[in-house]
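Visitor: fold the following for me, if possible:
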Amino acid sequence: MHPRERVLGLAQLIRQQGKPYPTPLIHEAERLDVTLPPALEENTPNPQRNLKANLGKESNNDETTTTETKES
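Guide: This is a model prediction of the structure:
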């Protein structure tokens with residue numbers, strides 16, 4: 001694997017996790033003349049993390065559906 005591929009692959013994994021790039025990765029990218037994609041800010045929601053959270057909420061909503069009771 002080419003060093004540039006390794007740096008970009010690591011950057012992609014770190015970005016998907018919603019974490020900032022570590023300084024050594026940034027320095028290596030600069031040394032290899034590689035432009036890293038913009039890192040997600042910590043306050044910026046991760047789309048995959050939101051999807052998982054929303055899926056969890058939907059399944060909880062199904063369980064908490066209220067049923068009407070009949071009065072005799």
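
Visitor: switch to C-alpha atoms for all contacts and neighbour counts from now on
Guide: OK.

Visitor: next, count neighbours for Gly18.
Guide: 20 (other Cα atoms under 10 Å).

Visitor: and if you look at Pro3?
Guide: 12.

Visitor: which residue packs closest to it, ignoring adjacent ones?
Guide: Leaving aside its chain neighbours, Pro3 sits nearest to Leu32 (7.8 Å; criterion: Cα to Cα, 6 or more residues apart in numbering).

Visitor: wait, that neighbour touches His2, no?
Guide: No - at 10.6 Å, Leu32 and His2 do not qualify as touching, with contact defined as Cα atoms under 8 Å.

Visitor: neighbour-wise, which of these two wins?
Guide: The neighbour comparison of Leu32 against His2 (other Cα under 10 Å) goes to Leu32, with 12 against 6.

Visitor: where does this structure dip in pLDDT?
Guide: 40-72 (pLDDT under 70).
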